[in-house]
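> Build the 3D model from these lines:
(2 chains)
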Amino acid sequence: MMNIRKGGQWLFVLLLTIWGVRFAYAQSPADAELLSTLGELREASFPDKESIVERLTKSAHPSVRSVLTAFMEERLYYRNDDQKIVIVKSTEGDPPTLDLIDPLTLKEGGSAAVDSLTKIVTNNGLRRMLRTTIARFGLSSPDAAVRAQAVNDMLASLDEPTIALLQERLSVETDGKVRKAIATALALAELDSSEEAKQLAAISVLRGGISQNVRNKLADVADQTAPGGSAANGAVHKAASSAIRTIDRWRTFYSGIETLFFGLSLGSVLVLIAIGLAITFGVMGVINMAHGELMMLGAYTTYVVQTAMPNHIGISILVAIPAAFMVSGLAGILIERTIIRFLYGRPLETLLATFGVSLILQQLVRSIFSALNRSVITPAWMSGTLQLNEALSITYNRLYIVVFSLIVFAAIMLVLKRTRLGLDIRAVAQNRTMARAMGIRSEWVDAMTFGLGSGIAGVAGVALSQVTNVGPNLGQSYIIDSFMVVVFGGVGNLWGALIGGMSMGIVNKLLEPYSGAVLAKIFILIALILFIQVRPRGLFPQTGRSSENN
Amino acid sequence: MKRRTIVVTAILLFAVMALVLGVSAQQPTTIKVGILHSLSGTMAISETTLKDTVLMMIDEQNKKGGLLGKKLEAVVVDPASNWPLFAEKASQLLEKDKVAVVFGCWTSVSRKSVLPVFEKDNGLLFYPVQYEGEESSKNVIYTGAAPNQQAIPAVDYLMKEVKVTRWVLEGTDYVYPQTTNKILQAYLKSKGVADADISVNYTPFGNADWQTRVAAIKKFGSAGKKTAVVSTINGDANVPFYKELANQKISAEQIPVIAFSVGEEELSGVDTKPLLGHMAAWNYFESISTPANKAFIDQWHAYIKNPKRTTNDPMEAHYIGFNLWVKAVTKANSTDVEKVLAALPGLETPNLTGGIAKLLPNHHITKPVYIGEVRADGQFNVVWKTATTVPGDAWSDFLPGSKDIDADWVTLKCGNYNKVTKKCSGQNYK
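Residues are numbered from 1 along each chain as shown, chains lettered A, B, ... in the order given. Modelled structure (predicted):
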């Protein structure tokens, strides 16, 4: 404690020295003005802060852009002792002392303890305003993507200075995408013009767009120019309405694709959680109520791997896949060797025993990790969206999960059809006695099969850690869904699990916009019950001798 | 031979019981305080903290010399997030342990479950969580927010300061969100918001797949009017909801989400960077800097021996409730429930944010309302607060059935008095 205080004093002296040295430089009037304007931020209310930002924008000081950016990112502080405004380099990782940057010179200016600084708070409205303001600076960025983003940010407030700025940029802009964005923005502004020719020209430019902004603006114009509207104009109204119809057609088309993708992504989660079960339940006939908890183990493994390598979050998820397979697989083999193998042929006892195992596993993670949910960080390469066009975007994490589930499915198919283990598994599943007569160690195969199914559950857990909460109850919320998929697809058939899972996902997502999430689930369940009445063996019933054995 | 053994055992048992009872009857040297919070099951996450808060308060009171010259003794039971078990444990506390007061419950369903027990045994319950209102019992002191102390001010803030004109009311499918949204819908319509500008939707508990809902919110919010989401989503489902918002690139600057059930404790298990700027409405935030709050946080960290633990709104409610009860017992010079209940209304105690909490005749308290925006470190920046404290209103003025109802346990002695028919229906003093 003494040491820290001493260190603090030393730091204080150092800061004072730096402060003194800084004063030795002569301040230009622009510097002084910037400093005094910034100083007002300390006591200002949110509306006051907005007007201060406006004044800052008008001042031509070279460091305004960096100051505003820092303000938007909540890195603008003032020192409690001398009330001076400073920029903090980064607050990443909650360090006890923060590195400071001088707002005038933008040079490094020592550091200060967190307690000795007060943050200048922003709110959503202020940050939105800062973003459009800073966008004006971004318009001259060398990066085309930044410029395009800047134009998009500027759409929120198309006032005259902004339009002038855009026109200026258009004359020197070379990048096609940015040119198009600027043209759209200018056309949007033109729509407010009172000249019919200009309006019609703007509409014809906007006709090809599909963004919601464009549509809203056109709808406004169509309303105003409708017969009896505030600026009735038949030609403009007709052009605007027809443009809206075109845009709506495209948007409906893209939202259909979006729904389909949502369905596929939900379906691929279902497939992932059901493949493991399709092996243990489908191939071996074991009703494993602890299947969900094996997924939970996989999800927790992801968490552990991530905590073990905090500096490599990006690849931690790839490391977690084999790790989760091993952890859940070994847990599965342990369960099979110690419990299930004594209960083959007694489904009711298996069900109860594995239910008990599921409770034990839940309590185990509660004891080790506490009942609180663990936060698994989504790596940067998995977050965000793939923007296909203005109306259609696909989230990366869902896209990866779709791909991942297909890879897992293909891998399992390969193992079952192309490896010695797969051959043994199929042989034992079809006719245990015959397989034993051929010299297959059926007990060993049972353990391996169960381990394989459990390992896949663990891998599914890695995927689930990216879309849901990692907590002791994770397994319970998915176990019913996974059984539903297996029963629907046809017991003992992996293709059934794939087709069943995907179609259940898509049907669910098609229903959801109309019925809501609660009713959609109910409808699916009822439909499934009816389906089982008609086809008790599911979509792809097992044929041949083994079907009688089950 | 065998029969004699049984007789002897019975006599011995009887003797032991008599001894135990005699001893406990002879030595009323402690005042028993019941704590009825789930320590296992789904609600354990939130409720364990509240148990520790009450234990900390009892500890502190005992260090000050106890109450009425006696030490306080905590009786902790675990209703295990099981609603019928709440009623069972409540009657155990009141009938067997004979506690003077109970601090407990979190979910509305658990409160509804223990209510008949407290009314039958004439117990005293301090309930610390924001709830849907439409209730005022003689035996319950509501130290959490009623809808007019959280939901209505939050909507006011969005309407006036953020200029929101289009509303998504998104909730989990159970009693609290349904009732709150009914009140909010009526309130918004009374402010001239058209039906087409309100979208109400419910999802199941623990909903993890938010793609369709978030896409729908995005679509609803892109009609050119400023849109906000009022979220009564409860529990786990919040995390995938916010993740999906971030993935579909809906930032708080475009469509802010204001939540009524997301606090510091809930955010402690979440990567908060994508949530930046989304809002919560509470009567307390850990980040509010007052001497009382700093002392409370330091005391909490010392008691729980972990400087990383957060404090939250229901903890403050228990802090206020406990202090109110201590004052009432001192004033009544007794722990008798009737006398304490008579002493309680009108009592005042400082809250942690620099104001005063006063217990009103309707068994609710006055509270300030704060709107906070999520920061990167999982705490909240307070961006707005009410000028004064808001008195809790048990019966909402915006629901047709409930606006004529009044609760007053001082003059009317009734929890649901109909001002039009001048009748008291349901529970009242007899």
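> Show me the helices in the stretch 51-200 of chain A, by range?
A:64-72, A:124-138, A:144-154, A:160-172, A:176-190, A:196-206 (DSSP state H, counting those that start in this stretch).
> Need the CA coordinates for the third one. CSV is fine.
In other words, helix A:144-154. This file holds the C-alpha atoms of helix A:144-154, laid out as CSV (Å, rounded to 0.1, in the frame of the first residue of the first chain):
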residue,chain,number,x,y,z
ALA,A,144,-12.3,3.0,-50.6
ALA,A,145,-14.2,1.0,-48.0
VAL,A,146,-13.8,3.8,-45.4
ARG,A,147,-15.1,6.3,-48.0
ALA,A,148,-18.1,4.1,-48.8
GLN,A,149,-18.9,3.7,-45.1
ALA,A,150,-18.5,7.5,-44.7
VAL,A,151,-21.0,8.2,-47.4
ASN,A,152,-23.4,5.7,-45.8
ASP,A,153,-23.0,7.3,-42.4
MET,A,154,-23.7,10.7,-44.0
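> if we can go back for a sec, point out the one among the helices of the stretch 51-200 of chain A that comes closest to B:A228.
Proximity to B:A228, assessed across the helices of the stretch 51-200 of chain A by C-beta to C-beta, is greatest for helix A:124-138 (9.8 Å). Where C-beta positions appear, they are placed from N, C-alpha and C, glycine not excepted.
> Could you list every helix and strand in contact with that closest one?
helix A:46-58, helix A:64-72, helix A:144-154 (3 or more C-beta pairs under 8 Å, 6 or more residues apart in numbering or on different chains; DSSP states H and E).
> how about B:A87, what does it touch?
B:S113, B:V114, B:P116, B:V117 (C-beta atoms under 8 Å, 6 or more residues apart in numbering or on different chains).
> Please identify which helix or strand holds the third one.
Using DSSP states H and E, B:P116 sits within helix B:108-121.
> are any of the contacts of B:A87 buried, and which?
B:S113, B:V114, B:V117 (16 or more other C-beta atoms under 10 Å in any protein chain shown).
> from the residues you listed, which is closest to B:A295?
Distances from B:A295 to these, taken by C-beta to C-beta, are shortest for B:V114, at 32.1 Å.
> so that closest one touches B:L36, yeah?
Yes: applying C-beta atoms under 8 Å, one finds B:V114 in contact with B:L36, separated by 7.2 Å.
> tell me, what's touching those two both at once?
B:F86, B:A90, B:G104, B:C105, B:L125.
> Next step: those restricted to helices.
B:F86, B:A90 (DSSP state H).
> In the shared contacts of B:V114 and B:L36, find the pair that's most separated.
Taking C-beta to C-beta as the measure, those have their most distant pair in B:F86 and B:L125, spaced 10.8 Å apart.
> hey, what's in contact with both of those two?
B:L36, B:C105, B:V114.
> burial of A:V415, as a residue count?
The number of residues packed near A:V415 is 15, by other C-beta atoms under 10 Å in any protein chain shown.
> er, B:I288 actually
So B:I288, with other C-beta under 10 Å, has 20 neighbours.
> Which strand or helix spans the closest residue to it other than its chain neighbours?
Of all residues not flanking B:I288 in the chain, B:T353 sits nearest, at 4.9 Å (C-beta to C-beta, 6 or more residues apart in numbering or on different chains). Assigned by DSSP H and E, B:T353 falls within no helix or strand.
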